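**Q** Here's a sequence, model it:
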Amino acid sequence: FPSHDISHLYGFLSVLNADAVSSLKIHKNHFPARLGGRLASVVEIESAKGNLDKWKGNLKVGVANTSLFLEGPVIPSKLSTQVSVRGTYAGLIAKPISGYAFRKAGNEGSLSYNFYDINSLTRYVVSNKDQIELSLFRTQDFYEFNEDESVRYENFSQLNKSTSAVTWSNTLAGLNWKHHFKNQLSTQTHFHFSLYNLQSKEKLNYEEEKSGDILNRINSVYSNQNYIQDFGFRSDWIAALNDDINLEFGVNSTLRRFLVGNGKYKSVTLQTSIDTAYNVEPDVSIDNSAYVDASYQSKRFTVNIGIHFNAYIPDSTTYFFFQPRVALNYNIYKNLNLRASVFTNSQNIHLLASSRADVVSDLWVPANNALVPERGWQANLGLSQSWKQGWEWSIDAYYREMKNVIEYKTNSVNILYGKEWTKQENRMP
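**A** Just a heads-up that it's a prediction; the model follows:
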């Protein structure tokens, strides 16, 4: 299931606890036909399943955060669970330090930041052909800034207090059923719910008094809410036609609700009183897709040919996208491989990104009649080599073309090209 914010501390720390991750794969040089919805890259993460035989875990205490991981059998060989919990106490440290800095500058104030994340997966082995998994994920960040610039003199005083608070969170739940048939055929059926919620609030208390008379007064509160809510279904099938040829196919459907800029503003002054609610209605869309992917593998040569079909329905409009994809891999010598790929893709949500490290300014908005879906294609050529220790190096040259990216002029075509070095370790903790 999708996560629309995958970091804490404005990108410095991942929301994923490494102990709770079984595997992580970054798709950037080629998109398998089963993946869609993004132009540049997709990070595919699989959670740890939980140990069916024995309980184990660990506790990690750091300077700014603490994490706890536990996994083990509820019913040996049948039912297992794993849970990972992590939280920070950076706010307990930052608040007094920032308060001291404000007082040294002659004002009062504080800065506080906290986060937590919870990740769990419960697995039930029905039989040697069937497994059911229930996964839950929750993460939340909270930032608050308080400042008091009030001054007092013998016959004059000025009250000036302000507060800024931002809360953003991800809530995800998924139910997955895996089934293996007698022949070389397996399937996964998946239902998911996800909610990304972003809320901000600004408060201002300002007052000027002279000799007991109120000269000016402003008490204002502004709050804003944005969210993305997904209800999704997915069915994936894998068939081994023979020792060399595999076939993958499946369907996916997501009902998506967007709420952008649902704000309230209330202000009271000596002369006026304003109480306004914008009451923005959510945008509702349906995102459907289907795919077929065939792969052939010989001793030195691997080829993947696939197509991803997408039907996106915002309001009364329907957008259709056919996205063919081809990937070739040739083993030159031992673990040294030459690879090439060409693929097309589309993206039905836009990210309005700010150059500032400000999550409030980074907004996801839906594609619609005015903001049509983003489209792109990419060609890639590269070399890679892996070692037994789990390390891999790669170098890639690529050409990427993107259309309808909303950061640029309407109907423009933006071209990226370059070289990319990658070094990764395939081993998981």
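
**Q** Any idea which helix or strand in the protein has the lowest mean pLDDT?
**A** strand 413-425 (a mean of 39; mean pLDDT, DSSP states H and E).

**Q** ok, now how distant is Thr88 from Gly232?
**A** According to CB to CB, to the nearest Å, Thr88 and Gly232 sit 30 Å apart. For the C-beta atoms, the positions are set from N, CA and C on the backbone; glycine is no exception.

**Q** neighbour-wise, which of those two wins?
**A** Thr88 (23 against 18; other CB atoms under 10 Å).

**Q** Check the gap between the closest residue to that one other than its chain neighbours and Gly376 for me.
**A** Excluding the flanking residues, the one nearest Thr88 by CB to CB, 6 or more residues apart in numbering is Asn65, at 4.1 Å. Between Asn65 and Gly376 the computed distance is 37 Å (CB to CB).

**Q** of the two, who's got more company?
**A** Between Asn65 and Gly376, counted using other CB under 10 Å, Gly376 has the larger neighbour count: 22 against 19.

**Q** May I see the buried residues of the one helix or strand that one maps to?
**A** Taking DSSP states H and E as the definition, Gly376 sits inside strand 374-386. Neighbour counts using 16 or more other CB atoms under 10 Å place 374-378, 380-382, 384, 386 of strand 374-386 among the buried residues.

**Q** cool, and stretch 302-314?
**A** Applying 16+ other CB under 10 Å to stretch 302-314 flags 302, 304, 306-310, 312, 314 as buried.

**Q** so of those residues, which ones are in strands?
**A** 302, 304, 306-310, 312, 314 (DSSP state E).

**Q** what number of residues lie near the nearest residue to Gly382 once chain neighbours are set aside?
**A** The shortest distance from Gly382 to any non-neighbouring residue, by CB to CB, 6+ apart, is to Asp396 (3.3 Å). Burial measure for Asp396: 19 neighbouring residues, criterion other CB under 10 Å.

**Q** before we move on, what about Ser211?
**A** Here the number of neighbours of Ser211 (other CB under 10 Å) works out to 8.

**Q** Could you do the one 3 residues further on as well?
**A** The local packing count at Ile214 equals 10, with neighbours defined by other CB under 10 Å.

**Q** Pull up the gap between it and Leu270, please.
**A** Taking CB to CB, one finds Ile214 at 7 Å from Leu270.

**Q** can you give me the helices for the chain?
**A** 90-104 (DSSP state H).

**Q** Any stretches of it with poor pLDDT?
**A** Scanning the chain for pLDDT under 70 picks out the ranges 1, 10-11, 353-362, 389, 407-429.

**Q** Which strand runs longest in it?
**A** strand 213-240.

**Q** chain center to it: distance?
**A** Mean C-alpha position of strand 213-240 versus that of the full chain (CA atoms, centre = their mean, to the nearest Å) differs by 14 Å.

**Q** Show the contacting residues for Val365.
**A** Counting by CB atoms under 8 Å, 6 or more residues apart in numbering, Val365 touches 258, 260, 349-350, 352, 371, 406.

**Q** from these, which is closest to Pro282?
**A** Pro282 has its nearest neighbour among the contacts of Val365 in Phe258, at 6.1 Å by CB to CB.

**Q** Can you verify my assumption that the closest one contacts Leu198?
**A** No. Counting by CB atoms under 8 Å, Phe258 does not reach Leu198; the two are 11.7 Å apart.

**Q** Overlap of the contact sets of the two?
**A** Tyr227.

**Q** and the gap between Leu172 and Leu70?
**A** 20 Å.

**Q** what's the distance between the residue nearest to Gly382 and Ser341?
**A** 10 Å.

**Q** Between those two, which contacts overlap?
**A** 29, 380.

**Q** contacting residues around the residue lying closest to Leu134 once chain neighbours are set aside?
**A** Of all residues not flanking Leu134 in the chain, Thr122 sits nearest, at 4.7 Å (CB to CB, 6+ apart). Counting by CB under 8 Å, 6+ apart, Thr122 makes contact with 50, 74, 79-81, 133-135.

**Q** and the residues you listed, which two are the farthest apart?
**A** Val74 and Ser135 (15.5 Å).

**Q** any idea what sits nearest the most far-flung residue of the chain relative to its centre, other than its immediate chain neighbours?
**A** Residue farthest from the centre of the chain, counting by CA atoms, centre = their mean, is Ser211 at 55.3 Å. In space, and not counting its chain neighbours, Ser211 is closest to Asn155: 5.1 Å by CB to CB, 6+ apart.

**Q** now Gly306
**A** Ala33 is the one closest to Gly306 (CB to CB, 6+ apart), at 2.9 Å.

**Q** For the one you found, grab the count of nearby residues.
**A** Ala33 - counted by other CB under 10 Å - has 26 other residues nearby.

**Q** Repeat that for the one 4 residues further on.
**A** Each residue near Gly37 was counted by other CB under 10 Å, and the total is 20.

**Q** which non-adjacent residue is nearest it?
**A** Gln347 is the one closest to Gly37 (CB to CB, 6+ apart), at 6.1 Å.

**Q** residues contacting that neighbour?
**A** Gln347 neighbours (CB under 8 Å, 6+ apart): 37-39, 367, 373-376.

**Q** Including distance to Asn146, could the residues you listed go into a markdown table?
**A** Below are the contacts of Gln347 laid out as a markdown table (distance: CB to CB, whole Å):
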| residue | distance to Asn146 |
| --- | --- |
| Gly37 | 39 |
| Arg38 | 38 |
| Leu39 | 40 |
| Ala367 | 38 |
| Pro373 | 42 |
| Glu374 | 39 |
| Arg375 | 45 |
| Gly376 | 44 |
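
**Q** Please identify which of the residues you listed is nearest to Ser194.
**A** Closest approach between the contacts of Gln347 and Ser194, by CB to CB: Gly37, at 12.9 Å.

**Q** what's that closest one in contact with, if anything?
**A** 2, 287, 289, 310, 345-349.

**Q** Can you flag which of the residues you listed belong to strands?
**A** Per DSSP E, the contacts of Gly37 map to strands at 287, 289, 310, 345-347, 349.
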